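>>> Need coordinates for the following:
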Amino acid sequence: MVSRVRPGGGSSDADSLDLDRMKQEILEEVFRELHKVKEEIIDGAMNQHLGTLSLS
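Now for the predicted structure:
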């Protein structure tokens with residue numbers, strides 16, 4: 001991860017690291033939620049498919 005400091009000293013290195021850490025945590029949470037949604041879609045499709053097979 002690259003730490004970016006604003007030109008002109010607008011933020012300290014610690015603030016920049018905190019911001020990068022927060023961004024990383026948000027991205028990780030988004031990926032976890034997307035994985036859950038993907039699993040729900042797959043499970044729903046499988047259940048629907050199995051339901052149509054049992055009716056045949």
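>>> Model confidence for Ala14, exactly?
pLDDT recorded at Ala14 is 89.
>>> what's the helix or strand for it?
Following DSSP states H and E, one finds Ala14 within helix 13-55.
>>> Off-centre distance for that helix?
For helix 13-55, the separation from the chain centroid amounts to 6 Å (computed by Cα atoms, centre = their mean, to the nearest Å).
>>> by contact count, what packs against it?
Helix 13-55 is packed against no helix or strand, with contacts defined by 3 or more Cβ pairs under 8 Å, 6 or more residues apart in numbering; DSSP states H and E. Where you see a C-beta, it was placed from the backbone N, CA and C, and this is true even at glycine.
>>> Tell me, how many residues neighbour Glu39?
When neighbours are defined as other Cβ atoms under 10 Å, Glu39 has 10 of them.
>>> could you list every residue that touches it?
By Cβ atoms under 8 Å, 6 or more residues apart in numbering, Glu39 lies in contact with nothing.
>>> State the distance from it to Leu50.
Glu39 is 16 Å from Leu50, where distance means Cβ to Cβ, to the nearest Å.
>>> Please apply the same query to Val30.
As judged by Cβ to Cβ, Val30 and Leu50 stand 30 Å apart.
>>> Ala14 now?
Ala14 is 54 Å from Leu50, by Cβ to Cβ.
>>> likewise Gln24?
39 Å.
>>> mind showing which ranges of the chain have poor pLDDT?
1-11, 56 (pLDDT under 70).
>>> Pull the number of nearby residues for His49.
For His49, the count of nearby residues is 10 (other Cβ under 10 Å).
>>> contacting residues around it?
Contacts of His49 (Cβ under 8 Å, 6+ apart): none.
>>> Pull out the buried positions in stretch 16-27.
For stretch 16-27, burial by neighbour count (16 or more other Cβ atoms under 10 Å) applies to Ser16.
>>> May I have that stretch as PDB, with CA atoms only?
C-alpha atoms of stretch 16-27 as PDB (Å, rounded to 0.1, in the frame of the first residue of the first chain):
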ATOM      1  CA  SER A  16      -2.400   9.500   5.700                       C
ATOM      2  CA  LEU A  17      -1.700   6.000   7.100                       C
ATOM      3  CA  ASP A  18      -5.000   6.100   9.100                       C
ATOM      4  CA  LEU A  19      -6.800   7.000   5.900                       C
ATOM      5  CA  ASP A  20      -5.200   4.300   3.900                       C
ATOM      6  CA  ARG A  21      -6.000   1.800   6.700                       C
ATOM      7  CA  MET A  22      -9.600   2.900   6.700                       C
ATOM      8  CA  LYS A  23      -9.900   2.500   2.900                       C
ATOM      9  CA  GLN A  24      -8.400  -1.000   3.100                       C
ATOM     10  CA  GLU A  25     -10.900  -2.000   5.800                       C
ATOM     11  CA  ILE A  26     -13.800  -0.700   3.700                       C
ATOM     12  CA  LEU A  27     -12.600  -2.500   0.600                       C
END
